[in-house]
Structures are given as C-alpha cells and as structure tokens.
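Participant: Predicted coordinates and the sequence they were generated for:
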Amino acid sequence: MSHSRSFWSLLVILTIGAIVLFAYFGKQLSGEPALVKIDNFQLGTLIEIQAWDNSLTETEVKAAIQGAFGAISDVENTMSWNLPGSAVSRINEAAGIEPVEVAHSVIAVLSTAREVSELSGGAFDVTIGSVLRLWGFSTPGPKAPPSPADLAEALDRLDYTAVELTATAPTVYLRHVGMQMDLGGIAKGFAIDRASEKLKEAGVSNFIVNAGGDMFVSGNRNNGTSWRIGVRDPLGGDSLLCKLLISGCAVVTSGNYERFFDYNGKRYHHIINPKTGYPSVGCSSVTIITSRAEFADAVATAVFVLGPERGLDLIERLEGVEGLIVSSGDERRLPSSGFGQFLHGGSLDE
C-alpha cells in the first residue's frame, strides 16, 4: 500500500509540474511578450506606465519607462509653482518687474494655454494662481471659502492677455505686479506627452502613460487586443461611466470629485471659474479625447468652466477633438457627435 501511495503521489506531483512547465513555455513559444508595469508618485498623483514591444527585451522596456519618468520629473521641476527655483516660481516672483528666461518647453505650454484661452473666451486662464492660493486646495489642513473682498482683489490680477511670451529669447513676463501663474490645468497633460515621446524615442510602440486617470494610449495590449480605458462615473464609487477602445490618442477627464472640501454643508471643488473666482457649476465631469494630452488637459478644464451646453459647442468646433460631458444635478450624459467611435458598440448604453 505504501508503494502504491508513493507512486500516485509522485504521479500527481509530476502532472502538476508538467502543467506549470507547459503554461510557462507555452507562453514563451507563443511569442507573447511581457507587459511591464512600473508606477511612481509624481505631479501630486500616482503615475503608472504599462509598456511592451516585440523588438525590445524586458530590460530595455524597463529602461525606457524609467526614461519616461525622468521626463515627467523634468516637467514637474520646471512647471510646479511651489518648487523654489522652478520656471513658474521665478516668473511669479518677477511679475510686473522683468521678463524671466525660461526653457522653450515653457513657451510651448504657454502658447497652447493662450490658444485654449482664446478659443474658450477666457474659461481657461493660467493667471488664476492668486485665486487658487486663496482656496488652498493644494495645502493640508481645514479649509473655508475665501472672503468676497479677498476674491475680488485676486480676480483683478487675472488676465491671460497680460502674459508676454518672447520665443526667440525665450522669456516670459507677467505685466502686472501680484499676478500669479499656475499651470496645474495643463502641465500634467504636457508631462504625459513628454513621457510618451520618450517611450517612442526608445522604440516602444505599445504603452499607456496613466497619470491619475489622465493618459496617452499607444498601440495595443501584448495579447493583440485593444487597450480598454474606463471613464469614472462622477457619482462616485468604483463604477464606470463607459469603456473606451482607443489607441494613438490622449484621454483626459476633469471632475468635481477630484479635489474638494465641505464647509457648512456645502461642497467646494477645485475647478475655479476665472470670471467669478468660485467653483464652476453645471458639470460633474468632462472627458476629452484628442491627439495631445496637453491640449486635452486645458480643453477639459475650459469645457468644465463653460458648462454643458457652451462646453459641448466648444468641443464640436474643435477639429480632432471629441468629448463626453456629464452635467451636475440631473447627471445628463452629453457626448460629442464623434464620441461614439471610441465606444464598444458605438453607444453609451452598451
């Protein structure tokens, strides 16, 4: 009996081992490359990069991803308003005094910001820094709405047309003393684009750069299927509003659930209307799909500020841009005319 049990035990072990080895070598023989995933905390959020490529080893893909994170660090060190010595900090310190020499990348971002400001009638404005500081969304501790008097004073310093760009120098000058620039509505998108460019330069053609839900998607999954991107339901929880099948483009979402505080029974979120100085009303979330995350980032903010109807009109006027707006209160879902091309089945109801 003991010999019989030993025989069957050995047979079971060998069978299990064979199954494991078959699964392992079968995957290798199938040619399916490893999907490399690495995450880092940068830009005040968790950033995850997933990538693979048939022409590169796993070690080379990992090196490419680290290079992409390095590009994100460069953007953060240049464009963060609260880092001493950053380009944005130096520009703010010299407001109304003198132009500040900056990298060409800063000029490029501010040129895009100016374009979106003009397209949206000022709904996007990088000179909103003095107002945002009053609200304190980026600082820890209890919060309360600023006083109307303080807001009125800060609003007097908002004027995107007072940002002077000289590309040849290159320099940036804020014409008025006390003006404060904040690139929080566009710098993350630019960082996503720079990371994506680094991956492409390293020969990686299949990847996702995901910065807190804002992302650029390229190629396909390592099993040959399309990347599937979930858009969060602004009503909360882990439920999704829809799933997108995309490649070769950016997806950026602005929502009133991202950063907020409650005061005296009322919720105040971080997407501020430059015209009023108060949180924008009318939208719960705005998702924008286009070729560049930088442009999508700024447009998503502008659309959110404009509100559902005017925001949808802006999206429809922009070539190569599609979007989905969820209105606040009634939670209507308002897709642009071409948004269905990114949805499974072409409908939000699928």
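Facilitator: It's in.

Participant: residues in contact with the residue positioned nearest the centre of the chain?
Facilitator: In the chain, the residue lying closest to the centroid (CA atoms, centre = their mean) is Asp214, at 3.0 Å. Applying CB atoms under 8 Å, 6 or more residues apart in numbering to Asp214 gives the contacts 188-189, 192, 250-253, 293, 296-297. C-betas here are computed from N, CA, C, even on glycine.

Participant: Filter those down to the ones in helices?
Facilitator: 188-189, 192, 293, 296-297 (DSSP state H).

Participant: Is it possible to get JSON lines of the contacts of Asp214 that adds pLDDT?
Facilitator: Shown next, in JSON lines, are the contacts of Asp214 (pLDDT from 0 to 100):
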{"residue": "Lys188", "pLDDT": "97"}
{"residue": "Gly189", "pLDDT": "98"}
{"residue": "Ile192", "pLDDT": "98"}
{"residue": "Ala250", "pLDDT": "98"}
{"residue": "Val251", "pLDDT": "98"}
{"residue": "Val252", "pLDDT": "98"}
{"residue": "Thr253", "pLDDT": "97"}
{"residue": "Ala293", "pLDDT": "98"}
{"residue": "Ala296", "pLDDT": "98"}
{"residue": "Asp297", "pLDDT": "98"}
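
Participant: Provide the secondary structure category for Gly236.
Facilitator: On the three-state scheme (DSSP: H, G, I helix; E, B strand; the rest coil), Gly236 is labelled coil.

Participant: Ignoring the adjacent residues along the chain, who's closest to it?
Facilitator: Excluding its sequence neighbours, the residue lying closest to Gly236 (CB to CB, 6 or more residues apart in numbering) is Tyr257, at 6.4 Å.

Participant: For the protein, give me the ranges with low pLDDT.
Facilitator: 1-32, 237, 346-347, 349-350 (pLDDT under 70).

Participant: which stretches of this structure form helices?
Facilitator: With DSSP H as the criterion, the chain has helices spanning 2-30, 58-79, 87-93, 104-119, 129-135, 148-155, 187-201, 293-306, 308-317.

Participant: right, and those - which one's nearest His270?
Facilitator: helix 129-135 (7.2 Å; CB to CB).

Participant: Pull the residues that contact the closest one.
Facilitator: 81, 92, 138, 143, 145-146, 150-151, 154-155, 157-158, 178-182, 184, 268, 270, 272, 274, 277.

Participant: thought Phe69 was touching Ile192?
Facilitator: No. Phe69 is beyond contact range of Ile192, at 11.8 Å (criterion: CB atoms under 8 Å).

Participant: how about the strands in the stretch 201-350 of the chain?
Facilitator: 206-211, 214-218, 228-232, 240-245, 249-255, 260-263, 266-269, 283-290, 322-327, 333-335 (DSSP state E, counting those that start in this stretch).

Participant: how near is Met215 to Glu331?
Facilitator: Computed as CB to CB, to the nearest Å, the Met215 to Glu331 distance reads 24 Å.

Participant: Neighbour count: those two, which is higher?
Facilitator: Taking neighbours as other CB atoms under 10 Å, Met215 and Glu331 compare with Met215 leading, 27 against 13.

Participant: Among the contacts of helix 129-135, the buried ones, what's the PyMOL command?
Facilitator: Per 16 or more other CB atoms under 10 Å, the buried members of the contacts of helix 129-135 correspond to this PyMOL selection:
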select buried, resi 81+92+145+146+151+154+155+157+158+179+180+181+182+184+268+270+272+274+277
